[in-house]
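Novice: A structural model of the following input is requested.
(3 chains)
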Amino acid sequence: MTENEGLSITELARRVNGKVLGDPAYLIYGVSGVSESTAETITFAETEQYLSEALKSKAGAVIVPDGFTAKGKNMIVVKKPRLAFARIAAVFAPNVFYRPGIDPTSTIADSVVIGENVSIHPYVVIDEGAEIADHVILAPGVYIGAGVKVGESSILHPGVVVEYDTVIGKKVMIHSGTVIGSDGYGFVTDQDGHHKIPQLGKVIIEDDVEIGANVTIDRGTSGPTVIGRGTKTDNLIQLAHNVQIGEENLLVAQVGIAGSSKTGRRVTLGGKTGVVGHLEIGDNTTVASASVITKDTPSGVFYSGSPAQDHKKELREQAARRKMPQLLKRISKLEKRIGELEKKLN
Amino acid sequence: MTENEGLSITELARRVNGKVLGDPAYLIYGVSGVSESTAETITFAETEQYLSEALKSKAGAVIVPDGFTAKGKNMIVVKKPRLAFARIAAVFAPNVFYRPGIDPTSTIADSVVIGENVSIHPYVVIDEGAEIADHVILAPGVYIGAGVKVGESSILHPGVVVEYDTVIGKKVMIHSGTVIGSDGYGFVTDQDGHHKIPQLGKVIIEDDVEIGANVTIDRGTSGPTVIGRGTKTDNLIQLAHNVQIGEENLLVAQVGIAGSSKTGRRVTLGGKTGVVGHLEIGDNTTVASASVITKDTPSGVFYSGSPAQDHKKELREQAARRKMPQLLKRISKLEKRIGELEKKLN
Amino acid sequence: MTENEGLSITELARRVNGKVLGDPAYLIYGVSGVSESTAETITFAETEQYLSEALKSKAGAVIVPDGFTAKGKNMIVVKKPRLAFARIAAVFAPNVFYRPGIDPTSTIADSVVIGENVSIHPYVVIDEGAEIADHVILAPGVYIGAGVKVGESSILHPGVVVEYDTVIGKKVMIHSGTVIGSDGYGFVTDQDGHHKIPQLGKVIIEDDVEIGANVTIDRGTSGPTVIGRGTKTDNLIQLAHNVQIGEENLLVAQVGIAGSSKTGRRVTLGGKTGVVGHLEIGDNTTVASASVITKDTPSGVFYSGSPAQDHKKELREQAARRKMPQLLKRISKLEKRIGELEKKLN
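Specialist: Below you'll find the predicted structure:
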């Protein structure tokens, strides 16, 4: 599956604006971490230590930062080796669902508008009024609801469900099993039970967003739920109705954000973190794994704990908690000593 | 998608037993929150403050409680504005998967019994002996196992999987990607490994239940797993084998309940809350987000924390925890002061 | 669905190497817990107390351990009654997706290699170069990516997605909605945003593994993600790129394990437990529900809490935490008493 024709080091260097040291015609067939490298792969090194490991490895070539040199290995010299590595890896990555055409087993409503060069796989369903832009890939079993728009070059993996009126931007990737546009969780309760508040908003997913597998993103109650440009989410995440995720957020696996909460730009939420409803999380805020955010947070902070607080405070509190059992003993001892002093003095 | 013909205020008032103030012939085309309202939408207000905001808004009409009056806006006066709003929203909500008929691409076993006016979408599979009642909607790619019963007017969203022998009541809504009737997690372990205990019970979902997206509800080991009438669950919830959820529970996203635990009537579990196995949670109990229930809980309590306890106690404990680092200093100081006193006295 | 022809007690005893007491020709039609037993079912008892309950029950027969005897019931005497019960339950368990043949609505690429006696259900898609071994069952809507290998007698429930190059061993069971081989969560960040690091590794699932419903297992970045032989996972679990799960682990629902972490043999992680990245968890370690593992753990320990620590220490800390509010009062009192003593002495 991952087989491919090799590319010369010159060709790879051209794609990342790098300089070649060593044999420019040497052929590379894939990328690897240092420990799995072979004569056919290229790896990367960002520090002297990694460079020395890479030099000892079997790698056919190494991507290194400006100023690094060494003999005995083919090298590509760039400003940002890690980024160059990601780009070269992308060259070798299989475009697994690229298969231009519309599979005859798919079911597409008459009013659907479909662009050029799309790949529509078996058992895809596209309902009335949807618009599928150029170069979109819809993998097997994807469901696209009525009125949904999918922007250019977006890729939806197998079994993704996109309910009606959702707007998906360009170059969006959505992994398998994810559900976009399910109803928000809203009810009016009286003595007869919980009465559903119809969820009439939509979901907007901006350009360059990547969403993990088996994620759920609910439609808004009346306004939209929004995922900002360049945000990347991991798997099994819950984003409730009217949540607004800012640009370039990172949401790690199993995060849950309750209704109407809003994150700023470049927010990072660690795995399993929860955010209660109607909060604002400031720009550039980072939250450690398994935290619970219960209040608005300012910009640029690092929070942790449940309820979350400044990470340094949380660490001090944790350390103190660990001493609690001895503390109880120290206090009992103090009480005894004071009792004895009091006896003496009275 | 959400376009529709307008309805007069008189007509809307009729549907919620309300009185009209203002222009009875005014046409409304949808509902909205106050801040998104337009001349074509109706909103609602439950307090003086919200009424004053609604009056200043662009809303074409406002639903208000008995006794409220004001000029310059069309109004519908009712006992419970929020509930009336939910009902009017339902009038405008699109019935997206209503499409009576059986899609020719579906695969339905010969022995399946199908009622009147069902909507069976593309790529639905219904196995032997299943019974699909009147007005049921099975969206694209739904799987219905052998012997499953789906009650009147229930709606299953795309990709829902219902494994064999499950019983689903009337007016049940199940969101996309949810799995009902997967095997419970049960093994006998010896030196050779973990040996599966076949899970031979079923799942029973009573009337008026709504289940979120990408939820998992396991079948019982021998008796059933039961979701009580009128219960509503959010997304990504795990209900293990032989769990028994009472009537009209609210289970918020990412809740997990371990095997054989049982909840009373009107229990609310906040998002991410966990319940260990074989517990009983009393009627009308509310549990805050991200709590862990490790013991039976009485009726009518409000619990939080991990392990969960009475919420007021938890808040006091949290406050005390926040003071821990200073406390350590206070104790050290006390020890020093006592030491000095002891020196003086001896 | 669960109807079947009865089997004699002799026949059942033969399958579990047991001895018969009572009527060897008595017919049994299914298994049950003691409380749901009928004249047609067999149950089991491991202790004197359960035996006495089983004797009073309606059960047609009871599986008992060596040395137990009693009159008035048919019995099968074995070394391990629970294990024998699981095996007899398996005899009566319906093999719901066993339906040899290839459904004409499935879509199978020309280069796919398919073994004997497979059951391929409607709307299954199998991409180029995949290999499906003998006796494999692919339930409706399963997706098998290019180059995937599925070993003998494995069963994939409806809607399972297996992305390219995944290797699945023999006798593996994967429950509905689970996604294997989605991209790991890896990006390089600079001022322009988060750039995807293509995920070029694969997922390897060894023999005798069972995976729950709506689980996500990401492919490795370059090396593989591995699930060791005999491991059983519950539902809604996240296993990140390059995670290595050892043999015979038990991972309970909603567990999440971050990238590159590794577990030993026979590790048990309670429900909702989180493990941060790049850790090693020793053999035979057990972690209580809702814990967060933040450091390597030694072998054979029982951990709990967040951050997790030795369970006994955690219990002492919990107990101390519960006393915190009173503690604050005791300390204030001490300060006052000392102040008074100091006044007297100065």
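Novice: show me where chain A has helices.
Specialist: A:9-15, A:48-56, A:81-92, A:311-345 (DSSP state H).
Novice: quick one: which of the ones you listed is nearest chain B?
Specialist: Across these, the minimum distance to chain B, taken as C-beta to the nearest C-beta, is reached by helix A:311-345, at 3.6 Å. Glycine gets a C-beta too; all of them are placed from N, C-alpha and C.
Novice: just how off-centre is that closest one within its chain?
Specialist: Taking C-alpha atoms, centre = their mean, to the nearest Å, one finds helix A:311-345 lying 44 Å from the centre of the chain it belongs to.
Novice: got the helices of chain A as TSV, with mean pLDDT and mean neighbour count columns?
Specialist: Formatted as TSV, these follow (pLDDT from 0 to 100; neighbours: other C-beta atoms under 10 Å in any protein chain shown):
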stretch	mean pLDDT	mean neighbour count
helix A:9-15	96	18
helix A:48-56	90	16
helix A:81-92	94	21
helix A:311-345	92	15
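Novice: Format the ones you listed as TSV; extra columns: distance to B:Ile132.
Specialist: Listed next are these as TSV, based on distance: least, C-beta to C-beta, whole Å:
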stretch	distance to B:Ile132
helix A:9-15	55
helix A:48-56	61
helix A:81-92	47
helix A:311-345	53
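Novice: possible to save the ones you listed as TSV with distance to chain B?
Specialist: Shown next, in TSV, are those (distance: least, C-beta to the nearest C-beta, whole Å):
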stretch	distance to chain B
helix A:9-15	38
helix A:48-56	37
helix A:81-92	29
helix A:311-345	4
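Novice: Starting from chain B, give me the distance back to A:Asp218.
Specialist: Distance, A:Asp218 to chain B, by C-beta to the nearest C-beta, to the nearest Å: 7 Å.
Novice: To clarify, my last question referred to A:Val203.
Specialist: On the measure of C-beta to the nearest C-beta, A:Val203 and chain B end up 12 Å apart.
Novice: low-scoring pLDDT stretches of chain A, where are they?
Specialist: A:1-4 (pLDDT under 70).
Novice: Next, the contact list for A:Thr294, please.
Specialist: If you count contacts by C-beta atoms under 8 Å, 6 or more residues apart in numbering or on different chains, A:Thr294 has them with A:Val276, A:Leu279, A:Pro307, A:Ala308.
Novice: domain ranges for chain A?
Specialist: As assigned by automatic domain parsing, chain A contains the domains A:7-92, A:101-312, A:313-345.
Novice: of all those domains, which gets the most neighbours per residue?
Specialist: Compared across the domains of chain A, domain A:101-312 shows the largest average neighbour count, a mean of 22 (mean count of other C-beta atoms under 10 Å in any protein chain shown).
Novice: re the thing from before, what is the nearest of the contacts of A:Thr294 to A:Gly223?
Specialist: Ranked by distance to A:Gly223 (C-beta to C-beta), the contacts of A:Thr294 are led by A:Leu279 at 16.7 Å.
Novice: ok, that closest one touching A:Pro298?
Specialist: No - counting by C-beta atoms under 8 Å, A:Leu279 stays clear of A:Pro298, with 12.0 Å between them.
Novice: do stretch A:25-41 and chain C meet?
Specialist: Yes - judged by C-beta under 8 Å from any C-beta of the partner chain, stretch A:25-41 and chain C are in contact via A:Gly30, A:Val31, A:Ser32, A:Gly33, A:Ser35, A:Glu36.
Novice: Mind telling me the two of the residues you listed farthest from one another?
Specialist: Using C-beta to C-beta, the two most remote members of the residues of stretch A:25-41 next to chain C are A:Gly30 and A:Ser35, lying 14.6 Å apart.
Novice: Return the residues of the stretch 51-200 of chain A in contact with chain C.
Specialist: A:80, A:82-83, A:85-87, A:89-90, A:92-94, A:96, A:103, A:105, A:121-123, A:139-141, A:157-159, A:173, A:175-177.
Novice: Kindly recompute the last result at 7 Å.
Specialist: By C-beta under 7 Å from any C-beta of the partner chain, the residues of the stretch 51-200 of chain A that approach chain C are A:80, A:82-83, A:86, A:89-90, A:93-94, A:96, A:105, A:122-123, A:140-141, A:158-159, A:175-177.
Novice: Is it correct that A:Gly147 is in contact with A:Glu163?
Specialist: No - with contact defined as C-beta atoms under 7 Å, A:Gly147 does not count as touching A:Glu163 (9.9 Å).
Novice: on that earlier part again, ok, so of the contacts of A:Thr294, who is nearest A:Ser291?
Specialist: Top of the list for closeness to A:Ser291, among the contacts of A:Thr294 and by C-beta to C-beta, is A:Ala308 at 4.3 Å.
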